[in-house]
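> Okay, sequence plus prediction incoming.
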Amino acid sequence: MRENIEFLMENDGELYEAMQGEEERQRQGIELIPSENYAFPEVLAALGSVFTNKYSEGYPGRRYYGGQEFTDRIENLARDRAKEVFRCEHANVQPLSGSGMNQAVYLGLLEPGDTILAMDLSHGGHLTHGAPVSHMGKLFNFVRYVTDPSDGSFDFDQILRDARKHKPKLMLCGYTSYPRDIDYKAFKTIADDVGAISMTDASHFGGLVAGEAMANPFDFGFDLVTTTTHKSLRGPRGGMILCKEKFASKIDKSVFPGLQGGPHMNAVAALAVTLKLVQSSHFKDYADQVLKNSKALAEVFTESESTLITGGTDNHMLVLDTVKSYGIDGKVAEETLDEVNVTTNKQIIPDDPNPPLRPSGIRIGTPAATARGMKESDMKQLGSWIDRSLRSPSDKKYLQRTRMEITDFCRNFPVPGLE
Ligand code: DSN
């Protein structure tokens with residue numbers, strides 16, 4: 001694989017230079033965006049393989065092009081491994097991205113105008129969970145539930161009242177910016193009460209379910225789970241729809257030919273190897289460590305009396321209210337941390353009075369740092385650098401010194417796939 005990159009050096013200097021720059025950025029900085037990670041080296045190898053050359057519209061055994069002996073083999077491997085890892089009856093491994101994956105579920109199982117009950121965007125839901133600016137928000141009738149920001153809890157009595165009033169066809173839980181676990185039993189009970197399909201979008205924590213560090217919605221009888229494959233799972237960019245057999249045919253038809261053409265078979269190959277690697281005891285240790293690291297980092301902010309949304313974390317991420325904690329908005333916080341080579345992202349917080357490009361907080365997550373081998377003591381060090389930097393965004397000398405210390409610190413933690 002490295003040889004292929006050297007080949008680029010010979011033939012496309014401009015591209016090679018940007019690629020080298022990104023490698024150095026990833027080496028010298030600490031990646032704390034909760035949805036990012038370092039793909040397994042095996043994933044990078046599969047992505048750069050000959051499967052990128054192949055069209056495979058259809059499904060194993062029923063394709064619209066010839067020459068499918070080996071593509072069928074890898075797609076079957078990916079599907080079987082997905083079913084084994086997530087303990088489900090059916091897996092579609094073709095979605096090209098997380099948004100398309102969720103859209104395929106809604107479009108395959110519902111009619112336009114049908115009602116979906118899902119979490120509000122500012123409380124942690126995703127754009128595809130019905131944000132008014134999204135096409136899905138226009139096509140379906142989303143009713144949104146919120147959380148109590150003081151402790152992140154859901155008001156299940158209210159959700160039940162909403163469900164009985166609006167009679168959703170589908171009830172969705174899952175999040176993109178919410179630092180707590182989900183009470184699947186309570187959600188499933190309400191979905192059953194109103195006869196709704198139950199779905200979890202596990203995009204952020206699919207890897208933590210696979211590594212058995214977090215609960216699996218299928219153990220509570222959920223109908224469907226969607227997950228992207230490049231976040232905590234450490235696989236290729238893409239998505240997966242996991243479901244009960246009774247939804248299999250509608251889901252498959254919705255993905256292809258409903259929404260997509262040819263799947264990216266290099267990504268399917270990379271997903272197959274991911275789903276082998278996540279079954280190892282090594283990956284289970286990794287998933288546990290992601291959560292330990294998140295808690296260790298949260299302790300630093302609690303001790304410094306900063307404001308964490310919901311007061312802490314049960315998963316891989318923290319949402320920090322930077323306005324309340326440091327008197328700076330999320331954009332300034334993100335830029336300040338960029339100056340010390342710590343990458344986070346500005347983030348709206350529940351009922352944020354500020355706009356999305358200048359919101360009141362940031363998100364911080366531990367999957368990528370943990371993949372480099374960082375442990376709780378490293379999180380303490382990192383947390384104190386972050387806390388101090390956010391307290392001194394104009395102290396250029398401090399930020400410069402901290403940047404150098406962090407660059408040195410990073411040398412102890414090789415980036416998977418780059419060394
Ligand atoms: N963009 C992803 C995230 O950062 O959470 C969700 O799609």
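Sure thing, it's come through.

> Tell me how many other residues crowd the residue lying closest to Gly373 once chain neighbours are set aside.
Nearest non-adjacent residue to Gly373, counting by C-beta to C-beta, 6 or more residues apart in numbering: Phe413, 5.2 Å away. Just so you know, the C-beta spots here come from the backbone N, C-alpha and C atoms, and that holds for glycine as well. Here the number of neighbours of Phe413 (other C-beta atoms under 10 Å) works out to 16.

> Residue of the chain nearest the ligand, please.
With C-beta to the nearest ligand atom as the measure, Ser35 is the residue of the chain nearest to the ligand, at 3.3 Å.

> What is the neighbour count of that residue?
Look at Ser35: counted by other C-beta under 10 Å, it has 20 neighbours.

> Provide the backbone phi and psi angles at Asn53.
Backbone torsions of Asn53, given as degrees, to the nearest 10, read phi -80, psi -10.

> just the one 3 residues further on next, same as before
Dihedral pair for Ser56: phi -140, psi 40, per degrees, to the nearest 10.

> so how far is Thr302 from the closest residue to it other than its chain neighbours?
Nearest residue to Ser56 in three dimensions, chain neighbours excluded: Thr71, at 4.5 Å (C-beta to C-beta, 6+ apart). Distance check for Thr71 against Thr302: by C-beta to C-beta, to the nearest Å, it reads 50 Å.

> Get me the contact residues on this structure for the ligand.
Residues of the chain found near the ligand (C-beta under 6 Å from any ligand atom) are Ser35, Gly98, His126, Thr176.

> From these, pick the one nearest Ser384.
Ser35 (24.4 Å; C-beta to C-beta).

> what number of residues lie near the residue lying closest to the closest one once chain neighbours are set aside?
Nearest non-adjacent residue to Ser35, counting by C-beta to C-beta, 6+ apart: Lys231, 5.0 Å away. Per other C-beta under 10 Å, the neighbour tally for Lys231 reads 27.

> May I have the phi/psi pair for Lys231?
phi -90, psi -110.

> cool, Ala267 as well?
As for Ala267, its main-chain torsions (degrees, to the nearest 10) stand at phi -70, psi -30.

> Distance check, the residue nearest to it when sequence neighbours are not counted against Ser249.
Nearest residue to Ala267, sequence neighbours excluded (C-beta to C-beta, 6+ apart): Pro236, at 4.2 Å. Relative to Ser249, Pro236 is positioned 26 Å away (C-beta to C-beta).
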